[in-house]
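Participant: predicted structure and sequence below. I'll ask about it afterward.
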Amino acid sequence: MQLPETNVIHHCRFQDGMKELPDGCAQLIVCDPPYFNIKGDFDFSLDWKEWLEMHEELASECHRVLAENGTLFIWGHAKRIAYQQVIFDKLFKLENSIVWEKVDAQTNRMAPTDRMFAPVTERLLMYSKEGNSRAECANLRYKFETGKRRTEIMEPLVSYLIEEMERAGLTTAD
C-alpha cells in the first residue's frame with residue numbers, strides 16, 4: 001500500500017482536484033467558496049439553489065477528505081455565513097466562529113444610497129470532525145483519574161492476594 005505524500009499543499013477546486021484525494025488525508029482544509037452575489041464574476045455564476053447545493057457537496061467532500069484530527073476553515077460573507085454554518089454543522093463540530101475586521105479601502109467603495117452598512121467584516125468558521133465535547137472530555141478524565149486512584153488504593157490488597165495464591169499453589173484458573 002502506498003501512502004499519500006505528507007506536507008503537500010493541494011490548491012484546487014473541490015469539484016475537480018479534491019475528488020482525487022484519498023479519504024482522511026487532509027490535516028487542514030481552507031475553503032474560500034463564492035460568497036453569492038457579492039463580488040467578482042464567479043460570485044454571480046450560480047443561482048441560490050445551486051449555491052446551496054454546491055455547499056452541501058463541498059461539506060460532504062471536505063468530510064470525506066478531512067483526517068479525524070484535522071481542521072477545516074471556511075470563509076464566508078456576513079450576509080451568507082449563517083447558511084454555510086447550517087450546512088457544515090450537519091457534518092462537523094463547530095470549534096470557532098471568527099470575525100475578521102477588514103481595515104482596507106474596500107469598504108469605502110459603497111454608494112452613499114446603499115441601504116446597508118458598509119461590509120467591514122468577513123467571517124471564518126473553524127470546524128473539526130465530530131469529537132468529544134468538553135463535558136465528555138471532562139467525564140473521561142474523571143473516569144481515568146477515579147480508576148487510577150482505585151488502582152493505587154487497591155494495589156496493596158491485590159498484591160497480598162496474588163502472593164497468597166502463589167504461596168498456596170493456586171492459579172487464577174483455580
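Facilitator: Sure, I can see it.
Participant: the chain: helices as residue ranges?
Facilitator: 48-65, 81-89, 134-168 (DSSP state H).
Participant: which elements pack onto the second one?
Facilitator: Packing contacts for helix 81-89, counted by 3 or more CB pairs under 8 Å, 6 or more residues apart in numbering; DSSP states H and E, involve helix 48-65, strand 66-76, strand 92-101, strand 121-129. Glycine gets a C-beta too; all of them are placed from N, C-alpha and C.
Participant: now the angle from the last one to strand 66-76?
Facilitator: Think strand 121-129. Relative orientation of strand 121-129 versus strand 66-76 (axes from the mean of the first three to the mean of the last three CA atoms, to 10 degrees): 170 degrees.
Participant: just want the angle from strand 121-129 to helix 48-65.
Facilitator: 40 degrees.
Participant: put the alpha carbons of strand 121-129 into CSV.
Facilitator: Provided in CSV are the C-alpha atoms of strand 121-129 (Å, rounded to 0.1, in the frame of the first residue of the first chain):
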residue,chain,number,x,y,z
THR,A,121,-16.0,42.2,8.4
GLU,A,122,-15.7,38.8,6.9
ARG,A,123,-16.4,35.6,8.7
LEU,A,124,-14.4,32.4,9.1
LEU,A,125,-15.8,29.2,10.5
MET,A,126,-13.4,26.7,12.1
TYR,A,127,-14.5,23.0,12.3
SER,A,128,-13.3,19.7,13.3
LYS,A,129,-14.7,16.3,12.8
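Participant: residues of that strand that come out buried?
Facilitator: Using 16 or more other CB atoms under 10 Å as the test for burial, strand 121-129 gives Glu122, Arg123, Leu124, Leu125, Tyr127, Ser128, Lys129.
Participant: now for the most centrally placed residue in the chain: which residues touch it?
Facilitator: Closest to where the C-alpha atoms of the chain average out (CA atoms, centre = their mean) is Ser128, at 1.7 Å. Counting by CB atoms under 8 Å, 6 or more residues apart in numbering, Ser128 makes contact with Asn69, Gly70, Thr71, Leu72, Phe92, Lys93, Glu95.
Participant: I'd like the distance between the closest residue to the fifth one other than its chain neighbours and His11.
Facilitator: With CB to CB, 6 or more residues apart in numbering as the criterion, Phe92 has its nearest non-adjacent residue at 3.7 Å, and that residue is Tyr127. Spatial separation of Tyr127 from His11 under the definition CB to CB, to the nearest Å is 20 Å.
Participant: ok, back up a step: need the helices of the chain in TSV (columns: distance to Gly24, mean neighbour count and mean pLDDT).
Facilitator: Shown next, in TSV, are the helices of the chain (distance: least, CB to CB, whole Å; neighbours: other CB atoms under 10 Å; pLDDT from 0 to 100):
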stretch	distance to Gly24	mean neighbour count	mean pLDDT
helix 48-65	7	16	91
helix 81-89	18	17	93
helix 134-168	22	10	76
